[in-house]
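Trainee: Okay, structure incoming, though there's no sequence with it:
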């Protein structure tokens with residue numbers, strides 16, 4: 001009896017070991033609304049015996065109560081988890097499901113078909129090896145089919161199954177299959193490198209899903225499951241690329257050990273190999289490859305490891321360890337395709353956090369080259385990006401970014417854009433290449449620096465960023481403050497909103513996009529003046545918190561002071577020194593802050609001046625006292 005138990009235990013151990021070391025394929029299902037994506041996944045789960053008895057009983061009950069297949073099992077209900085999805089019979093969110101066969105493990109993402117959920121579809125595609133694009137045999141290739149195929153290609157997926165579904169609804173007609181196949185292949189030829197495998201099927205009836213269909217003897221290709229079990233894995237392809245490992249964490253448990261932790265993004269590494277630390281460019285030999293299970297002689301893409309180095313080299317989170325003979329690109333200007341995911345439009349010049357691997361840098365879109373009509377692949381001009389739009393853009397980062405072109409290495413060429421205020425992900429992108437000028441423009445070092453200029457001027461250089469409504473008194477207070485500072489021997493300069501629009505910013509209007517660019521330019525000029533050792537006073541409405549936060553980010557701690565001239569709009573309108581409020585009320589001025597354009601008051605300014613109950617002298621005294629204390 002004990003001998004039998006030992007054998008059972010060995011069999012279980014062998015099975016678990018085999019299961020643990022199976023390859024993992026991630027794939028997505030996509031296509032137009034009601035093409036049968038959720039039904040297909042449900043069928044795969046059912047046929048691979050991944051449904052428990054109680055789940056099957058619940059499925060049968062739900063199918064009778066809210067299913068779309070009469071008295072038959074509605075496999076889509078296995079995947080459509082949201083109540084809204086079940087009620088409408090559509091997919092809204094991205095649903096992930098795991099299943100396995102004797103050959104492989106699988107994670108499938110069921111992505112929504114509606115155009116307004118494009119961002120959800122992109123999320124599902126970002127980690128997939130294969131895309132299963134479903135087409136309803138009755139409807140053929142639709143606009144959304146083309147849209148999802150383009151997005152699949154954009155996200156780096158090159159293996160596509162053209163799943164011509166619901167063949168049972170067209171009598172399993174081979175001519176209809178051939179017609180749809182040729183229509184899709186004609187479109188797919190515009191997408192470079194896309195490998196398409198057409199399969200006729202019926203997810204509901206199980207035709208050509210896991211076993212060949214006797215109803216379609218004219219088709220001699222693979223079943224869907226046969227394809228999924230044999231298609232090359234992305235992880236295998238990444239292992240053949242040059243070595244890349246983003247530094248995720250520097251592990252220093254004691255003074256005798258210092259290791260660089262991370263997951264190998266691509267390539268292979270052996271103990272004793274030389275790697276290049278980027279962006280610094282230093283090269284160093286790898287002494288050990290450490291894992292929880294012990295040291296390794298060899299590691300490949302996908303493995304989480306800790307590397308110890310033969311020499312003391314500065315490596316921090318966000319650095320990239322690369323193959324020295326084929327290093328990654330380092331640049332601060334790049335071209336990328338961006339998918340915008342936020343309700344508030346992207347405007348060039350506004351600054352975001354860009355996260356690429358473990359790197360986080362400040363970044364802004366400097367130019368929208370064109371939008372891509374993902375239904376027709378036409379290029380269209382645009383000044384901003386709205387929700388679910390795809391565009392080719394130029395971006396600039398505030399420090400060098402280490403990356404590869406996404407088409408070459410998807411593991412190190414993708415990024416997300418994060419709003420600096422809300423910290424929400426607002427966009428996703430794939431890098432095309434570095435801009436040539438990024439390689440040719442290098443920072444120049446000068447020995448006379450900001451500290452030397454500050455010492456010569458005998459003052460602490462800084463910027464006082466006045467913000468408030470038109471008529472609040474910003475320029476009046478700034479003028480009095482500069483006179484006071486000048487009398488005390490300080491070197492100052494005032495950047496006034498109206499004055500800069502006569503020169504530097506005379507090409508800008510008052511749309512949201514132009515306001516953003518106006519503040520961006522002024523902030524850069526103020527930064528140069530602070531570097532020159534001056535006390536800079538800026539007087540701009542600067543109505544948006546995000547833009548003021550970006551301006552602040554350009555300066556070192558203790559150099560930027562936000563001064564909120566807090567005056568009620570009613571009082572500003574009574575003063576109306578330039579007659580602008582009257583013009584705005586008559587409709588002669590559009591986008592006027594306080595009337596038909598919002599002002600976002602500062603949350604925590606360094607100084608708040610309530611001019612309704614404070615005179616100019618008191619305001620100036622508050623500011624000079626603050627400056628004396630820094």
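Mentor: Nice, I can see it. This is a predicted model, so every value here is computed, not measured.

Trainee: Please enumerate the strands of the stretch 201-350 of the chain.
Mentor: Here the stretch 201-350 of the chain has its strands, by DSSP state E, counting those that start in this stretch, at 244-246, 249-254, 257-263, 268-270, 274-278, 282-291, 294-296, 298-300, 304-309, 320-322, 329-340.

Trainee: Adding distance to residue 433 as columns, could you present those strands in JSON lines?
Mentor: Bear in mind the C-beta positions are built from the backbone N, C-alpha and C, glycine included. As requested, the strands of the stretch 201-350 of the chain are exported to JSON lines (distance: least, C-beta to C-beta, whole Å):
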{"stretch": "strand 244-246", "distance to residue 433": "17"}
{"stretch": "strand 249-254", "distance to residue 433": "30"}
{"stretch": "strand 257-263", "distance to residue 433": "25"}
{"stretch": "strand 268-270", "distance to residue 433": "25"}
{"stretch": "strand 274-278", "distance to residue 433": "17"}
{"stretch": "strand 282-291", "distance to residue 433": "25"}
{"stretch": "strand 294-296", "distance to residue 433": "34"}
{"stretch": "strand 298-300", "distance to residue 433": "27"}
{"stretch": "strand 304-309", "distance to residue 433": "29"}
{"stretch": "strand 320-322", "distance to residue 433": "17"}
{"stretch": "strand 329-340", "distance to residue 433": "6"}
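
Trainee: Dump these to JSON lines, plus mean neighbour count, mean pLDDT and distance to residue 444.
Mentor: Output for the strands of the stretch 201-350 of the chain, formatted as JSON lines (neighbours: other C-beta atoms under 10 Å; pLDDT from 0 to 100; distance: least, C-beta to C-beta, whole Å):
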{"stretch": "strand 244-246", "mean neighbour count": "27", "mean pLDDT": "97", "distance to residue 444": "30"}
{"stretch": "strand 249-254", "mean neighbour count": "11", "mean pLDDT": "91", "distance to residue 444": "31"}
{"stretch": "strand 257-263", "mean neighbour count": "18", "mean pLDDT": "94", "distance to residue 444": "32"}
{"stretch": "strand 268-270", "mean neighbour count": "18", "mean pLDDT": "96", "distance to residue 444": "37"}
{"stretch": "strand 274-278", "mean neighbour count": "20", "mean pLDDT": "95", "distance to residue 444": "22"}
{"stretch": "strand 282-291", "mean neighbour count": "17", "mean pLDDT": "95", "distance to residue 444": "22"}
{"stretch": "strand 294-296", "mean neighbour count": "12", "mean pLDDT": "93", "distance to residue 444": "44"}
{"stretch": "strand 298-300", "mean neighbour count": "17", "mean pLDDT": "95", "distance to residue 444": "41"}
{"stretch": "strand 304-309", "mean neighbour count": "19", "mean pLDDT": "95", "distance to residue 444": "32"}
{"stretch": "strand 320-322", "mean neighbour count": "28", "mean pLDDT": "96", "distance to residue 444": "25"}
{"stretch": "strand 329-340", "mean neighbour count": "22", "mean pLDDT": "94", "distance to residue 444": "15"}
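
Trainee: nearest to residue 618, of those?
Mentor: strand 329-340 (44.9 Å; C-beta to C-beta).

Trainee: That closest one pairs with which strands, parallel or anti?
Mentor: strand 390-403 (antiparallel), strand 425-434 (antiparallel) (DSSP bridges).

Trainee: Using TSV, lay out these together with distance to residue 135 and mean neighbour count.
Mentor: Compiled in TSV, these are given as follows (distance: least, C-beta to C-beta, whole Å; neighbours: other C-beta atoms under 10 Å):
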stretch	distance to residue 135	mean neighbour count
strand 390-403	22	21
strand 425-434	25	21
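
Trainee: pLDDT score for the residue nearest to residue 601 when sequence neighbours are not counted?
Mentor: Nearest non-adjacent residue to residue 601, counting by C-beta to C-beta, 6 or more residues apart in numbering: residue 564, 6.9 Å away. Listed pLDDT for residue 564 reads 96.

Trainee: Okay, and residue 564 sits in which element?
Mentor: With elements taken from DSSP states H and E, the one containing residue 564 is strand 560-565.

Trainee: again, but for residue 26
Mentor: strand 23-31.

Trainee: Can you work out which other helices and strands pack against that strand?
Mentor: helix 37-47, strand 104-110, helix 118-125, strand 130-136, helix 143-154, helix 234-239 (3 or more C-beta pairs under 8 Å, 6 or more residues apart in numbering; DSSP states H and E).

Trainee: Kindly reformat these as CSV containing mean pLDDT, distance to residue 342 and mean neighbour count.
Mentor: Shown next, in CSV, are the helices and strands packed on strand 23-31 (pLDDT from 0 to 100; distance: least, C-beta to C-beta, whole Å; neighbours: other C-beta atoms under 10 Å):
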stretch, mean pLDDT, distance to residue 342, mean neighbour count
helix 37-47, 79, 26, 25
strand 104-110, 87, 22, 22
helix 118-125, 79, 9, 23
strand 130-136, 94, 25, 25
helix 143-154, 89, 17, 22
helix 234-239, 87, 28, 18
